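> Here is the input, now give the coordinates:
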Amino acid sequence: MSALYQRARPVTFDEVVGQDHVKDVLTAAIRRRRVGHAYLFSGPRGVGKTTSARLLAMAVNCEAGEGERPCGVCESCRLVQAGSHPDVIEMDAASNNSVDDVRELRERTMLSSIRGGTRVWILDEAHMLSKAAANALLKTLEEPPPSLLFVLATTEPERLPPTVLSRCQHFRFRRLTDGEIVGKLARLSAAAGVAAETAALQLVARSADGGMRDAESLLDRLLAGGESITLQRAEDALGLPPHERLRAMAEALAEGDLQGLLEQASGLYRAGFAPRTLAEQLARTLRDALHARLAGTPWLELAEDDLLRLLHALDDEQERFVRHDDLYSLEVALIKARNALRGNVPAAFAARTASDEQPTLSGRGAVPQAHAPEDTAARSVAARAARAPEEPAPGDQTLDGRTPDGRTPDGRTPDERAPDERAPDERAPTDNARAAAPAGPRRTAEPTAAADARPRQPERTQGEASFSWHAVRSKADVRLKAFLAPARVEIVGRTIRIAYPDTNEFHHKQLLMRLEELRALVTDVAGAAFEIEVDGPGGGPKKV
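This next block holds a predicted model:
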């Protein structure tokens, strides 16, 4: 018994689903009797290329008088459908791709038509022809014998020589939409007397990826049981995890329920589903949630940006499943997706980022500003400014009867009182006190809280070189920048210490080979020579 896709093959152009841009041109050429001598049909598999080639062969040999051709009922049309028409030859180029095969084809093209119609050669998988075989076919394509039609079908037209492409009328077939596929599957299910859920047919259409033949093959498998086609049956037949379980995983991600997420993943893995399939189907579920969010009908409580982060995180982990398709890889992918959603950053990455973006450093005795000690006096001033009220509360007085701003109970400030009425700490210092006071830097007005909140730059003395390590990295070439990326850099005085972790032996060795280049770059940026000390797993410290 033949397969469903063979029994459901169209017998007229009207029955072909989609591909209107091809059908309209071919039917017009047939109606006006202006059919060319060579056609090239290209496109994905299972979208109607070979079917259209057979319909074209039926049309040019149809025995119907008036009306649309092909009729699909005359003897010639039935012979083409059965594959037994003597003037319609189908050849698979994958197994007949040698020069001898093409030479035999050329000799047979010189023969006359047996039934008196048009001889049609359908060459499937034409891209499999060898270069020599394609060149041998060129002369026949350029100057074919009378009443001869060539139809080449291929999924990879770019592999055909340009000389072959230039001698054919090229029609590009497109993938079918899910709606077009579901419509035909519903008609086939009704003709078989089997009820089918729309959701199940939509799942079959999505799995077919735009190919009608693949969709019909999947439907044939579901119809074999004779039972109603439900979504669960379709998922079981396709080997896909249940849609409800995938939604539960997506909701666990959205809620931050890591335990529930890992339990769902482990349960599906124990049920026999491949980790890579689970990750792909979870990504598809999140993509559906993104489309629902964009359409204004969200079912997952996640913003658009959060859904994009999850999709990027899962996509980045697809390469892991190529090496290890196990439960551990699946759990790592899910944990990274959860971290991407919550904004968690690994400690090593955070440390490397801080090292790459460290601020300007001073040449002698300087430390990275991110770790520089804060000015204690400035911090205390800022704290006092933050705690001090705008206006003193009425009646607030200290033990000596003054208010916090120094006013006496009668409202006078210290400057308004006589010197003998001032408190000892408010009196001006005498000459002897000035002489006894140690010499020191002149004090300026106390800075405001906002000014003290800013980080303080290290003081630089005259002749001291200062530069930014970030500026050094930005001026380095691509390779040197890559070798410096995993390193931890510390600048002490006029020494730059570069240390590599044990996992970056390759980067360490490569930098050792380019130390002179790095030293010249540092000198150019800083304007002074620095000693560079490099340490790592490839050997002991090395200085230049």
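> all contacts plus neighbour counts: C-alpha atoms, from now on.
Noted.
> Just give me how far whichever strand or helix holds Leu334 sits from the chain centre.
Leu334 is part of helix 327-342 when elements are defined by DSSP states H and E. In this view, helix 327-342 has its centroid 16 Å away from the chain centroid, taken as C-alpha atoms, centre = their mean, to the nearest Å.
> now swap in stretch 143-159 and tell me
38 Å.
> so Ile498, which of the three states?
strand (DSSP: H, G, I helix; E, B strand; the rest coil).
> can you pull the contacts of it?
Ala487, Arg488, Val489, Glu490, Ile532, Glu533, Val534, Asp535 (C-alpha atoms under 8 Å, 6 or more residues apart in numbering).
> 10 Å instead, please
484, 487-491, 508, 511, 532-536, 541-542 (C-alpha atoms under 10 Å, 6 or more residues apart in numbering).
> Can you list the buried residues in stretch 328-346?
By neighbour count on 16 or more other C-alpha atoms under 10 Å, the buried set for stretch 328-346 is Ser329, Leu330, Glu331, Ala333, Leu334, Ile335, Lys336, Ala337, Arg338, Asn339, Ala340, Leu341.
> Also stretch 89-109?
By 16+ other C-alpha under 10 Å, the buried positions in stretch 89-109 come out as Ile89, Glu90, Met91, Ala93, Asn96, Asn97, Ser98, Val99, Val102, Leu105, Arg106, Thr109.
> try stretch 147-167
Applying 16+ other C-alpha under 10 Å to stretch 147-167 flags 148-155, 157, 160, 164-165, 167 as buried.
> which one among the buried residues of stretch 328-346 gets closest to Ala195?
Using C-alpha to C-alpha, Leu330 comes nearest to Ala195 of the buried residues of stretch 328-346, at 36.9 Å.
> so what's the closest one closest to, chain neighbours aside?
Once flanking residues are discounted, Leu330 sits nearest to Pro275: 5.6 Å by C-alpha to C-alpha, 6 or more residues apart in numbering.
> list the contacts for the one you found?
With C-alpha under 10 Å, 6+ apart, Pro275 has these contacts: 265-266, 268-269, 281, 321, 324-331, 333.
> Then Leu185?
Here Leu185 is in contact with 179, 191, 196, 198, 201-202, 204-205, 212, 215-216, 218-220 (C-alpha under 10 Å, 6+ apart).
> List buried residues within those residues.
Of the contacts of Leu185, these count as buried by 16+ other C-alpha under 10 Å: Ala196, Thr198, Leu201, Gln202, Val204, Ala205, Met212, Ala215, Glu216, Leu218, Leu219, Asp220.
> Need phi/psi at Ala121.
You called it Ala, but residue 121 is Trp. Per-residue torsions, Trp121: phi -110, psi 120 (degrees, to the nearest 10).
> and it, how many neighbours does it have?
22 (other C-alpha atoms under 10 Å).
> Could you do Val80 as well?
Count around Val80 with other C-alpha under 10 Å applied: 22.
> now swap in Val478 and tell me
10.
> Same check on the one 10 residues further on?
By the other C-alpha under 10 Å criterion, the neighbourhood of Arg488 contains 17 residues.
> and the gap between it and Tyr500?
6 Å (C-alpha to C-alpha, to the nearest Å).
> shared neighbours, these two?
Asp535.
> May I see the buried residues of stretch 521-528?
Buried-residue list, stretch 521-528, by 16+ other C-alpha under 10 Å: Leu521, Val522, Thr523, Val525, Ala526, Ala528.
> Check stretch 28-35 too.
Ile30, Val35.
> tell me the angle of the helix or strand containing Gly267 relative to helix 327-342?
Element membership for Gly267 (DSSP H and E) is helix 258-270. Calculated by axes from the mean of the first three to the mean of the last three C-alpha atoms, to 10 degrees, helix 258-270 forms an angle of 150 degrees with helix 327-342.
> elements contacting helix 258-270?
Judged by 3 or more C-alpha pairs under 10 Å, 6 or more residues apart in numbering; DSSP states H and E, helix 258-270 is in contact with helix 243-255, helix 275-295, helix 327-342.
> out of those, which comes closest to His21?
helix 275-295 (28.9 Å).
> quick one, that closest one and helix 327-342 angle?
20 degrees.
> could we number from 255 for the rest of this?
Yep, numbering from 255; the last one is helix 529-549 now.
> how far does helix 529-549 sit from the chain's center?
When distances are taken as C-alpha atoms, centre = their mean, helix 529-549 is centred 13 Å away from the chain's centroid.
> how about it: buried residues?
Quick answer for helix 529-549 (16+ other C-alpha under 10 Å): 529-533, 535-537, 539-541, 543-544, 547.
> Give the closest residue to Val743 in space, chain neighbours not counted.
Nearest non-adjacent residue to Val743 (C-alpha to C-alpha, 6+ apart): Ile752, at 4.7 Å.
> pLDDT below threshold where in the stretch 405-554 of the chain?
Along the stretch 405-554 of the chain, segments meeting pLDDT under 70 are nowhere present.
> Could you report the distance from Ala557 to Leu540?
In this view, Ala557 and Leu540 are 12 Å apart by C-alpha to C-alpha.
> again, but for Ala736
Where Leu540 is concerned, Ala736 sits at a distance of 34 Å (C-alpha to C-alpha).
> Out of the contacts of Pro529, which comes closest to Thr305?
When those are compared against Thr305 (criterion: C-alpha to C-alpha), the nearest one is Gln535, at 32.6 Å.
> and Val279, that's in a strand?
No: counting by three-state DSSP, Val279 is located in no strand; its state is helix.
> neighbours around it, how many?
Neighbours of Val279 (other C-alpha under 10 Å): 13.
> contacting residues for Leu500?
Ala506, Gln518, Ala519, Leu522, Leu532, Ala533, Gln535, Leu536, Ala537, Arg538, Thr539, Leu540.
> any idea what sits nearest Arg727, other than its immediate chain neighbours?
Nearest residue to Arg727 in three dimensions, chain neighbours excluded: Lys735, at 5.9 Å (C-alpha to C-alpha, 6+ apart).
> follow-up on the earlier one: farthest pair in the buried residues of helix 529-549?
Pro529 and Arg547 (26.8 Å).
> right, and Ile368 touches Asn315 too?
No: taking contacts as C-alpha atoms under 10 Å, Ile368 lies outside contact range of Asn315: 11.7 Å.
> Have a look at these two and say which one is more surrounded.
Using other C-alpha under 10 Å, the more surrounded residue of Ile368 and Asn315 is Asn315, with 25 against 11.
> pLDDT weak spots in the stretch 555-704 of the chain?
For the stretch 555-704 of the chain, applying pLDDT under 70 flags the ranges 598-704.
> how near is Arg360 to Lys393?
Distance, Arg360 to Lys393, using C-alpha to C-alpha: 9 Å.
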